[in-house]
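In: Kindly generate the corresponding structure for this input.
(one chain, ligands or ions: 2)
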Amino acid sequence: MSDIIQLLPDHVANQIAAGEVVQRPASVVKELLENAIDAGATNITLLLKDAGKTLIQVIDDGKGMSATDARMCFERHATSKIKKAEDLFNLCTKGFRGEALASIAAIAHVELKTKQESEELGTSIKIEGSKIVSQDFISTSKGTSIAVKNLFYNIPARRNFLKSDTVETRHSIDEFQRVALAHPTISFLMHHNNNEVYHLKGGNLRKRIVAVFGSKMNEKLVPISEHTDILTIEGFVAKPEFSKRKRGEQFFFVNDRFIKSSYLNHAVVNAFDGLLEYGAHPSYFLYLTVPASSIDINIHPTKTEIKFDNEKALYAMLRATVKHSLGQYNVAPVLDFNRDSNLDTSYHLNKNAVNGSVPKITVDPDFNPFREAKQKEINFPYKREQSTQSWESLYTSTAFSDEGSQSDLFEHQQESKTQKTFQIQRKYVMSLIKSGVVLIHQSLAHQRILYEEFLESITVKEANSQQLLFPVKISFSSQEIEMIYTIKTELENAGFSFDEFTKDSVTIKGIPVSVIESKITIILEALLNDMNLEVPDASFSHFDVMAKSFAKTLCIKTGTQLSEKERESLVNNLFSCKEPSISPFGKATFKTLTLNEIDNLFNS
Ligand code: ADP
Ligand code: MG
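Out: Ligands and ions are numbered 1, 2, ... in the order given. The predicted model follows:
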């Protein structure tokens, strides 16, 4: 048989390698930004057009390249950063593979302009699909500009695989943020379609974090600092009461490189022990410095995972340091997300009334029956002895005046119309029905109710808005502001009204009737988070995401005690829904247990 093996031509090999290095525009963003950092730049500009699909350009004022290097840099395995294998174990640059530019040039139209400080003239090179199209001397300033156009122009399958502009931009912003956070002293500028997204001046770390995530971040940060022989830890964690329901602002940098580590994340979460609400994620920005020889960053092609020599020691130190700082800054116990303010929201109660501590028996203008109901646990008749007075006042209050006398309630409890719901473990509501009982999951049921209410008010009814007495100004990052702006109309349909948009804040003057003022930030944050996770297409309306997000944020949570009135309205509202049996996220909201089924429990 004749020989059949041959070496692939360079441009084919480069295209194959590109598959590993360049998944999407954001991968190019990362590589170009890192090259600029490695070149010692102090000012870096990132320009994107159409989420990077049309243009990704990075301009730096770093050391530039000679004419020969400018040509060389597009060769595979061409790097100035390591020379021998041992260098791999002592890396202090971002790049070292010498693969990025070769890969990018294989799958895009690339224009490079570069000049070293000592040179009179610089070099301009155009390269398309690994082929040099032109090379000229040009006059340009010190540093390098690389423009990557029409990414994947010669790999339609990859181009088609790209997500919507929103999603791709989000990925690029993530990469930009990571690099910007890793290098607070460097100035960064980012534009998308000629709009400024970030303008970050060089400064200290706190300033950088605040510049990236908005001014409200400032008050949340607890500083962390620890220096030992094997490890330096610097940075910040956010106070537990600002923890997020979704993972988001969690950043580890090791030797100025962003990394992901579920192991170290665990150490931090562990340090928050007891301070975090179940399911909440702490925000953190932690900068670890370890000897370059003690890590191996070579285990992942896109280099966000890392291997440490002494993982266990790092874990222990990280945990102890974070714990110590939380203690030192006297961080108050966590706010309870499940606090019954949810009830205030959904049942239109006056929020101040719930917080009162002394139960009032006599005529009290602020009297609120639900407060009494919760404090006295009125669910079962044998509580009567202890709470007669409250009960009396409860039933003389107008809210209940049409419900018959209290003696009816106690003496004919089973038959009476009023006492036919019970709460189980502050999680389920049990209601008697003709054929047996129905068990309702209070939180999921309330999600369904709120979801339908929001959907209706957003899409069908006139906006159901309440004007705020004093407009509220909320800080967001510029990127969040951009997102809010794109869904402004939908938010207005939902009942929000806006006064002023600035680069990092929005002033809100009206909110949906079912939302209370103190929840505005939480629900908007949750909404932005949910929208980020969604993969929208052009025809997609945000209504459904919005209604789901609001429902999820505002629903009564497990652990909330419900008064009888609240239980009843939950049951009634649920069964007036169009689709009462499933939550907006597809879970069952209730189950029935027929008498037959109950009988069978005893017959088996
Ligand atoms: P690596 O970064 O792994 O070395 P790249 O393909 O990203 O590989 O870059 C190849 C080489 O081109 C780098 O080693 C560096 O010498 C040079 N280079 C790339 N970008 C720049 C830049 N912005 N300024 C100066 N030199 C650069
Ligand atoms: Mg590189």
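
In: Go ahead and list the helix or strand containing residue 47.
Out: strand 43-49 (DSSP states H and E).

In: who touches the nearest residue to residue 140 once chain neighbours are set aside in this structure?
Out: Nearest residue to residue 140 in three dimensions, chain neighbours excluded: residue 122, at 4.2 Å (C-beta to C-beta, 6 or more residues apart in numbering). Placement of C-beta: from N, CA and C, glycine included. Contacts for residue 122 (C-beta atoms under 8 Å, 6 or more residues apart in numbering) come out as 64, 113, 114, 115, 116, 137, 138, 139, 140.

In: Identify the bridge partners of the third one.
Out: Think residue 114. When bridges are called by DSSP bridges, residue 114 pairs up with residue 123, residue 144.

In: Tell me the helices and strands packed up against the strand holding residue 47.
Out: helix 25-38, strand 55-60, helix 165-182, strand 187-192 (3 or more C-beta pairs under 8 Å, 6 or more residues apart in numbering; DSSP states H and E).

In: Can you tell me the strand partners of the last one and which way each runs?
Out: Strand 187-192 pairs in its sheet with strand 43-49 (parallel), strand 195-200 (antiparallel), by DSSP bridges.

In: Minimum distance to residue 272: which of those strands has it?
Out: The closest of these to residue 272 is strand 195-200. By C-beta to C-beta, the value is 28.5 Å.

In: in the closest one, what's buried?
Out: 197, 198, 200 (16 or more other C-beta atoms under 10 Å).

In: mind putting the contacts of residue 122 in CSV, neighbour count and pLDDT included?
Out: Listed next are these as CSV, based on neighbours: other C-beta atoms under 10 Å; pLDDT from 0 to 100:
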residue, neighbour count, pLDDT
64, 26, 97
113, 20, 98
114, 27, 98
115, 26, 98
116, 18, 97
137, 13, 96
138, 12, 96
139, 9, 95
140, 17, 95
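
In: Where does the chain get nearest to ligand 2, residue-wise?
Out: residue 95 (2.8 Å; C-beta to the ion).

In: Looks to me like that residue is in a helix.
Out: No. Using DSSP: H, G, I helix; E, B strand; the rest coil, the assignment for residue 95 is coil, not a helix.

In: ok so, going back, of the helices and strands packed on strand 43-49, which approaches residue 521 most closely?
Out: Of the helices and strands packed on strand 43-49, nearest to residue 521 by C-beta to C-beta is helix 165-182, at 20.6 Å.

In: Packing partners of that closest one?
Out: Short answer (3+ C-beta pairs under 8 Å, 6+ apart): helix 165-182 packs on helix 25-38, strand 43-49, strand 187-192, strand 195-200, helix 205-213, strand 250-254, strand 257-259.

In: which one of the ones you listed has the most crowded surroundings?
Out: Highest mean neighbour count of the helices and strands packed on helix 165-182: helix 25-38, a mean of 24 (counted as mean count of other C-beta atoms under 10 Å).

In: so, in contact with ligand 2 or not, that helix?
Out: Yes. Counting by C-beta under 5 Å from the ion, contacts between helix 25-38 and ligand 2 involve residue 35.

In: if you average pLDDT over that helix, what comes out?
Out: In this model, helix 25-38 has a mean pLDDT of 96.

In: Look up how far residue 266 lies from the most centrally placed residue in the chain.
Out: Central residue of the chain (C-alpha atoms, centre = their mean): residue 248, 3.9 Å from the mean position. Going from residue 248 to residue 266 by C-beta to C-beta, to the nearest Å gives 17 Å.

In: Present the helices and strands packed on strand 43-49 as CSV; the columns should include distance to ligand 1.
Out: Formatted as CSV, the helices and strands packed on strand 43-49 follow (distance: least, C-beta to the nearest ligand atom, whole Å):
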stretch, distance to ligand 1
helix 25-38, 3
strand 55-60, 5
helix 165-182, 13
strand 187-192, 14
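
In: want to throw the ones you listed into a markdown table with distance to residue 477?
Out: Below are these laid out as a markdown table (distance: least, C-beta to C-beta, whole Å):
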| stretch | distance to residue 477 |
| --- | --- |
| helix 25-38 | 18 |
| strand 55-60 | 21 |
| helix 165-182 | 9 |
| strand 187-192 | 12 |
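
In: Quick check: the residue of the stretch 351-500 of the chain nearest ligand 1.
Out: Using C-beta to the nearest ligand atom, the closest approach of the stretch 351-500 of the chain to ligand 1 is made by residue 479 at 24.8 Å.

In: and after the helix or strand harbouring that residue, which helix or strand comes next?
Out: In the assignment (DSSP H and E), residue 479 maps to helix 478-486. The first helix or strand that comes after helix 478-486 along the chain, using DSSP H and E, is helix 488-494.

In: if you average pLDDT over the strand or helix carrying residue 574, what comes out?
Out: For residue 574, the host element (DSSP H and E) is helix 564-575. For helix 564-575, mean pLDDT is 90.

In: residues in the chain within reach of ligand 2, list them.
Out: 35, 95, 100.

In: if you set the cut-off to 8 Å instead, what comes out?
Out: Within the chain, the positions near ligand 2 by C-beta under 8 Å from the ion are 31, 34-35, 38, 79, 81, 94-101.

In: Which residues are in contact with residue 42?
Out: Residue 42 makes contact with 61, 185, 186, 187, 202, according to C-beta under 8 Å, 6+ apart.

In: Please convert the buried members of these into PyMOL selection syntax.
Out: Those of the contacts of residue 42 that count as buried under 16+ other C-beta under 10 Å are selected in PyMOL with:
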select buried, resi 61+186+187
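
In: closest to residue 316 among the contacts of residue 42?
Out: residue 185 (30.5 Å).

In: where does the chain have low pLDDT?
Out: 245-247, 278, 297-303, 330-419, 460-464, 534-541 (pLDDT under 70).

In: Apply 50 and report the result again.
Out: For the chain, the stretches with pLDDT under 50 are 332-418, 536-540.

In: Around ligand 1, pick out the residues from it.
Out: Residues of the chain found near ligand 1 (C-beta under 6 Å from any ligand atom) are 31, 35-36, 39, 60, 62-65, 73, 78-81, 95-102, 144.

In: give me the number of residues near residue 489?
Out: Residue 489: 10 surrounding residues under other C-beta atoms under 10 Å.

In: before we move on, what about the one 3 residues further on?
Out: Burial measure for residue 492: 15 neighbouring residues, criterion other C-beta under 10 Å.

In: hang on, it packs against residue 498?
Out: Yes. Under the criterion of C-beta atoms under 8 Å, residue 492 makes contact with residue 498 at 7.4 Å.

In: ok, the closest residue to ligand 1 within the stretch 1-150 of the chain - contacts?
Out: For the stretch 1-150 of the chain, the residue closest to ligand 1 is residue 95, as judged by C-beta to the nearest ligand atom, at 2.1 Å. By C-beta under 8 Å, 6+ apart, the contact set of residue 95 is 31, 34, 35, 38, 79, 81.

In: Tell me how far the last one lies from residue 514.
Out: Distance of residue 81 to residue 514, computed by C-beta to C-beta: 57 Å.

In: Compare these two (neighbour count), which wins?
Out: residue 514 (21 against 15).

In: Does the more buried one touch residue 555 like I think?
Out: No. Counting by C-beta under 8 Å, residue 555 is not a contact partner of residue 514; they are 10.9 Å apart.

In: Residue 593: neighbouring residues, count only.
Out: Neighbours of residue 593 under the rule other C-beta under 10 Å: 15.

In: Tell me if I am right that it is in a strand.
Out: Yes. Applying three-state DSSP, one finds residue 593 inside a strand.

In: element containing residue 325?
Out: Per DSSP H and E: helix 311-328 holds residue 325.

In: buried sites along that helix?
Out: Across helix 311-328, burial judged by 16+ other C-beta under 10 Å covers 314, 315, 317, 318, 319, 321, 322, 323, 325, 326.

In: measure the fourth one to residue 258 for me?
Out: Which is residue 318. 16 Å.
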